[in-house]
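*Asks:* A structural model of the following input is requested.
(2 chains)
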Amino acid sequence: NAGVTQTPKFRILKIGQSMTLQCTQDMNHNYMYWYRQDPGMGLKLIYYSVGAGITDKGEVPNGYNVSRSTTEDFPLRLELAAPSQTSVYFCASSYPIRGQASTGYEQYFGPGTRLTVT
Amino acid sequence: QKEVEQNSGPLSVPEGAIASLNCTYSDRGSQSFFWYRQYSGKSPELIMFIYSNGDKEDGRFTAQLNKASQYVSLLIRDSQPSDSATYLCAVGGNEKLTFGTGTRLTIIP
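*Replies:* Take a look at the predicted model:
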């Protein structure tokens, strides 16, 4: 299993440009997430999905869009990039620990995309 | 708003000693608690999870949970230079997690 893969690894955008960050997982997990991490900060949830066709906003969704047409793929779209979107973006997928939602969901992270908007 | 608090550090510990990392959380409905290790420039890696009060041991790592005090800790015994990293505490009540800002740990040879 490759786990969670993300492309690209690095990207520099000019203000106002758009791009899509790709995320794919091969573990057949229903749950997928997009986070951003700013220097010295924790992870902030942007969007998440509980299955194909179902997405919901997280803590910081403004300026981003997502779609989930398959179990494997969960792309993140940045429209009209702004310097405030300079960050490291992590995609993750999860499954319920021991098959029980009551014990929590173990999240596996991709390697990240380092994005700079200038 | 759910909050997870950690001391940002840096926490410096001599090699071979015990490193103690602490985390408090605000949501009493939280059910699952995780510790992630993140090396500089890398993605978070799950090292421990706990969901019942008490201690859970895995090798050199022990997670401790006290739901009444809303407190989670991670102990690393026999600290090694390879343990130098940022440790993120994460708390969940459902399929989502709330992360702390992390504690930077440095093991001094």
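
*Asks:* can you tell if the lowest-mean-pLDDT helix or strand in chain A touches chain B?
*Replies:* Lowest on mean pLDDT, DSSP states H and E among the helices and strands of chain A sits strand A:105-109, with a mean of 89. Yes. Legend: contact between strand A:105-109 and chain B by Cβ under 8 Å from any Cβ of the partner chain is shown at A:Y105, A:E106, A:Q107, A:Y108, A:F109. C-beta here means a position set from N, CA and C on the backbone, and glycine is covered the same way.

*Asks:* can you give me the strands in the chain?
*Replies:* Looking at chain A here, since you left the chain open. Using DSSP state E, the strands of chain A run over residues A:4-7, A:10-13, A:19-25, A:31-37, A:43-51, A:54-57, A:64-66, A:76-78, A:87-96, A:105-109, A:113-117.

*Asks:* not quite, I wanted chain B
*Replies:* Under DSSP E, chain B gives strands at B:4-5, B:11-14, B:19-25, B:32-38, B:45-50, B:54-58, B:61-66, B:71-76, B:85-92, B:97-99, B:103-108.

*Asks:* tell me the contacts of the closest residue to A:Q6 other than its chain neighbours?
*Replies:* Spatial nearest neighbour of A:Q6, excluding adjacent residues (Cβ to Cβ, 6 or more residues apart in numbering or on different chains): A:G110 at 4.0 Å. Applying Cβ atoms under 8 Å, 6 or more residues apart in numbering or on different chains to A:G110 gives the contacts A:G3, A:V4, A:T5, A:Q6, A:C23, A:Q25, A:F90, A:C91, A:A92, B:S43.

*Asks:* what subset of those is buried?
*Replies:* Buried by 16 or more other Cβ atoms under 10 Å in any protein chain shown: A:V4, A:Q6, A:C23, A:Q25, A:F90, A:C91, A:A92, B:S43, out of these.
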